[in-house]
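Asks: Sequence and computational prediction follow.
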Amino acid sequence: MQSDLPIFELSYALNTFYVLSFAILVMWMAAGFTMLEAGLVRAKNTVEILTKNIALYSIASLSYLLIGYQIMYPDAAVNSWFPGFSFPSYTDLSAEEAMTEGASISTVGGIFFQLVFVATAMSIVSGAVAERMKLWAFLIFCFFMTALIYPIQGYWKWGLGFLETAGFYDFAGSGVVHLCGAVAAFAGVLLLGPRKGKYGPGNVIKAFPGANIPLATLGTLILWMGWFGFNGGSLLEMSNVNKANTVALILLNTNTAAAAGGVGALIFSKIRYGRADLTMILNGVLGGLVTITADPVSPTPLIALVYGLIAGVLIMVSIVTFDRLKIDDPVGAISVHGVGGILGLLVVPLTNGKSELISQLLGVGVITLWTFLASFAVWLVIKKTLGIRINDEYEYEGADQEECGLEAYPEFTKS
C-alpha cells in the first residue's frame with residue numbers, strides 16, 4: 001500500500017488542482033451575471049445592480065461557509081429529510097489518511113467549489129427583482145437563501161438525502177442551483193409587483209430597453225466561459241483516461257447546447273418578429289447552458305445540439321408569456337433558469353439509463369415547492385417589516401442615488 005502512495009498523491013493533487021481551477025471559472029460567472037444585469041437595466045439603476053452583485057457574492061461566501069455547508073453536507077444527518085448541523089474542521093487529511101479513506105480531492109477545495117455554486121443561485125434572483133427592490137431587503141433575503149433555503153434542498157440531492165435515494169438525477173445543478181434560484185426569484189417578483197409603467201391598460205406592455213447592450217453581451221460571453229467550470233468541474237476528478245475523456249465530452253456538450261440555444265433563438269426571432277433580437281439571443285444561449293447542466297455526460301453532441309435548439313425557442317416563448325401575464329422580469333432570469341432548468345431535468349431520461357421520468361418529476365416538484373414556500377415566507381416577513389420596494393419617487397429617479405449615492409454614468413445625467 002505504501003508503494004501506491006506516490007501515485008495516489010499525484011492523482012489527488014491533479015484532481016484538486018482541476019477542481020479549484022474550475023471553481024475559479026464558476027466564480028468568474030459572478031462577473032458575467034453582474035455585466036449582464038447591468039447592461040439590461042436602465043442607466044439610473046446600474047450602480048445598485050453592481051452593488052447587489054458584489055455584496056451578494058460576499059454574503060453568500062460567508063453564510064454558506066459558516067452555516068450552509070454544514071447543513072448541506074452534515075457529518076451526521078437526522079434522516080434523509082432533515083440534514084442536521086455540524087462544524088467541519090476546515091483542515092485536510094494527511095496523505096496516508098486520505099488514501100485510507102479513499103478521498104479523491106481536498107475537502108477544503110470541495111467546500112470552495114460548492115460555495116461558488118450557491119452564489120450563482122443567488123445571482124439569478126438579483127436580475128429578476130431589479131429596478132424596484134430595496135437593496136437591504138435583497139441582502140437580508142440573500143442571507144436566508146444561501147444559509148438555509150438553498151442548502152436544505154441541496155442536501156436532499158447532493159448531500160445524499162431522499163431525492164438522491166429516489167433516483168433524482170441532476171449532474172451539475174439544473175434543479176439544485178438554477179431552478180432553485182428561479183423559483184426564489186419568482187416568489188419575490190409576485191410580492192414585489194412590476195416596475196411602474198411597465199404594463200398599461202389592457203394588454204399594453206411597455207419596453208424598457210437596457211442601458212448598455214454591449215455590456216450585456218460581454219456578460220453573456222463571460223457566463224458562457226464560466227459554465228465550462230460549472231459543468232466540467234462537477235465530475236470532481238479527471239486523473240485517469242476515462243475521467244479526462246468525460247470532462248472533454250462535458251465541455252463539448254456544454255458549448256454545443258449554448259451555441260444551439262443562441263441559434264434557436266436567432267431563427268425563431270427572425271421568423272416570429274422579422275428581426276434578430278439580440279437580448280433574446282443572449283437568453284437563448286443561457287437557456288441552452290441551463291438545460292444541458294442537468295446531464296452533460298450522457299447525450300452525444302448532436303443530441304446536446306437538439307436540446308439547445310429547443311431551449312432557445314422555449315425560453316423566448318416563456319419570456320413573452322410571462323410578460324403577457326404581467327410578471328415583470330427585467331432580464332428574463334425566471335424563464336432562463338426556471339423553464340430551462342425544468343426542461344433539462346425532464347430530458348435526462350432520454351439518454352441516461354440511470355434516471356426515470358417519475359424521479360425527475362419528483363425532484364422538480366420538491367425543489368419548486370420547498371423553494372417557493374420558504375422564499376415566499378422570507379420575502380413576506382421582510383415586506384411586512386422593512387419593506388421590499390423602493391418608493392415611487394426613487395423608482396422614477398432611479399435606485400442608484402437613493403440606495404448607493406452614486407451614478408454609473410454621471411456625465412450623461414442632467415443636472
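Replies: Here it is on my side, so go on. This structure is a prediction, so every number in the text was calculated from the model and none was measured. Residues are numbered from 1 along each chain as shown.

Asks: Rounded mean pLDDT for stretch 344-355, please.
Replies: For stretch 344-355, mean pLDDT is 96.

Asks: List the buried residues of that stretch.
Replies: Burial within stretch 344-355, assessed by neighbour count using 16 or more other Cβ atoms under 10 Å, is assigned to 344-349, 352, 355. (Glycine included, C-beta is placed from N, CA and C.)

Asks: Then stretch 375-382?
Replies: Buried-residue list, stretch 375-382, by 16+ other Cβ under 10 Å: 375-376, 378-379, 382.

Asks: quick one: average confidence on stretch 398-406?
Replies: 77.

Asks: before we move on, what about stretch 271-290?
Replies: On average, stretch 271-290 scores 95.

Asks: Same question for that stretch: list its buried residues.
Replies: For stretch 271-290, by 16+ other Cβ under 10 Å, it's 277-290.

Asks: following the helix-or-strand element of the chain with minimal mean pLDDT, which helix or strand shows up next?
Replies: The helix or strand of the chain with the poorest confidence is helix 95-101; it has a mean of 62 (mean pLDDT, DSSP states H and E). As assigned by DSSP states H and E, the chain's next helix or strand after helix 95-101 is helix 107-128.

Asks: list the contacts for the nearest residue to G398 once chain neighbours are set aside?
Replies: Take G398 and drop its neighbours on the chain: the residue closest to it by Cβ to Cβ, 6 or more residues apart in numbering is K44, 2.5 Å away. For K44, the contact set (Cβ atoms under 8 Å, 6 or more residues apart in numbering) comprises 397-400, 407.

Asks: Any idea how far apart the tips of stretch 55-70 sit?
Replies: Length of stretch 55-70, first residue to last, Cα to Cα, to the nearest Å: 22 Å.

Asks: Report the mean confidence score over the host helix or strand of A304.
Replies: According to DSSP H and E, A304 maps onto helix 301-324. The pLDDT scores in helix 301-324 average 96.

Asks: just checking, next helix/strand downstream of the longest helix anywhere in the chain?
Replies: Identified as the longest helix of the chain according to DSSP state H is helix 5-40. Under the assignment DSSP H and E, the closest C-terminal helix or strand after helix 5-40 is helix 46-63.

Asks: so where's this structure uncertain?
Replies: The model of the chain has pLDDT under 70 over residues 1-3, 76-79, 86-90, 92-103, 400, 411-415.

Asks: ranges for the strands of it?
Replies: For the chain, applying DSSP state E gives no strands.

Asks: Could you export stretch 259-273 as CSV, CA atoms only?
Replies: Listed next in CSV are the C-alpha coordinates belonging to stretch 259-273 (Å, rounded to 0.1, in the frame of the first residue of the first chain):
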residue,chain,number,x,y,z
ALA,A,259,-24.4,27.7,-29.4
ALA,A,260,-27.6,25.8,-30.4
GLY,A,261,-29.6,27.9,-27.9
GLY,A,262,-28.4,31.1,-29.5
VAL,A,263,-29.1,29.8,-33.0
GLY,A,264,-32.6,28.6,-32.0
ALA,A,265,-33.4,32.0,-30.5
LEU,A,266,-32.0,33.8,-33.6
ILE,A,267,-34.0,31.8,-36.1
PHE,A,268,-37.2,31.9,-34.0
SER,A,269,-36.8,35.7,-33.5
LYS,A,270,-36.4,36.2,-37.3
ILE,A,271,-39.5,34.0,-38.0
ARG,A,272,-41.7,35.5,-35.3
TYR,A,273,-40.6,39.1,-35.3
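
Asks: Buried residues in that stretch, which are they?
Replies: For stretch 259-273, by 16+ other Cβ under 10 Å, it's 259-269.

Asks: ditto for stretch 156-174
Replies: 156-159, 161, 163-164, 166, 168-174.

Asks: Format the buried residues of stretch 375-382 as TSV; extra columns: distance to S106.
Replies: TSV is the format used below for these (distance: Cβ to Cβ, whole Å):
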residue	distance to S106
S375	33
F376	38
V378	33
W379	37
I382	37
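
Asks: Going by distance to I140, which of the residues you listed wins?
Replies: The shortest approach to I140 among those belongs to I382, at 5.8 Å (Cβ to Cβ).

Asks: show me the residues around the residue lying closest to the closest one once chain neighbours are set aside that make contact.
Replies: Counting by Cβ to Cβ, 6+ apart, A137 is the residue found nearest to I382 once chain neighbours are left out, at 5.0 Å. Going by Cβ under 8 Å, 6+ apart, A137 touches 382-383, 386-388.

Asks: List buried residues within those residues.
Replies: Here, 16+ other Cβ under 10 Å leaves 382-383, 388 buried among the contacts of A137.

Asks: from those residues, which ones fall inside helices?
Replies: 382-383.

Asks: before we move on, back to that, in the longest helix of the chain, what's buried?
Replies: For helix 5-40, the neighbour count (16+ other Cβ under 10 Å) marks 8, 11-12, 14-16, 18-20, 22-23, 25-27, 29-40 as buried.

Asks: how close does the residue nearest to I382 get to V189?
Replies: 13 Å (Cβ to Cβ, to the nearest Å).

Asks: ok, now how distant is L314 from E48?
Replies: 31 Å.

Asks: Of the two, which one has the most company?
Replies: Set L314 next to E48 and count neighbours by other Cβ atoms under 10 Å: E48 wins out with 27 against 22.

Asks: How about the more buried one, nearest residue that isn't a chain neighbour?
Replies: A399 (4.1 Å).

Asks: give me the number of residues near that neighbour?
Replies: 26.

Asks: Return the residues in contact with it.
Replies: A399 touches 44-45, 48, 131-132, 135, 390, counting by Cβ under 8 Å, 6+ apart.

Asks: Of those residues, just say which sits nearest to L56.
Replies: L135 (10.4 Å).

Asks: surely the closest one meets N53?
Replies: No - between L135 and N53 there is no contact under Cβ atoms under 8 Å: 11.4 Å.

Asks: picking that back up, then the helix holding A304 to CSV, C-alphas only?
Replies: Provided in CSV are the C-alpha atoms of helix 301-324 (Å, rounded to 0.1, in the frame of the first residue of the first chain):
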residue,chain,number,x,y,z
PRO,A,301,-23.0,16.3,-29.1
LEU,A,302,-25.7,16.1,-31.7
ILE,A,303,-28.4,15.4,-29.0
ALA,A,304,-27.0,18.3,-27.0
LEU,A,305,-27.5,20.4,-30.1
VAL,A,306,-31.1,19.4,-30.3
TYR,A,307,-31.6,20.2,-26.6
GLY,A,308,-30.1,23.6,-27.1
LEU,A,309,-32.3,24.4,-30.1
ILE,A,310,-35.4,23.5,-28.1
ALA,A,311,-34.2,25.6,-25.2
GLY,A,312,-33.5,28.6,-27.3
VAL,A,313,-37.1,28.6,-28.7
LEU,A,314,-38.8,27.7,-25.4
ILE,A,315,-37.0,30.4,-23.5
MET,A,316,-38.2,33.1,-26.0
VAL,A,317,-41.8,31.8,-25.7
SER,A,318,-41.6,31.7,-21.9
ILE,A,319,-40.3,35.3,-21.7
VAL,A,320,-43.1,36.6,-23.8
THR,A,321,-45.7,34.6,-21.9
PHE,A,322,-44.5,35.9,-18.5
ASP,A,323,-44.7,39.4,-19.9
ARG,A,324,-48.3,38.8,-21.0
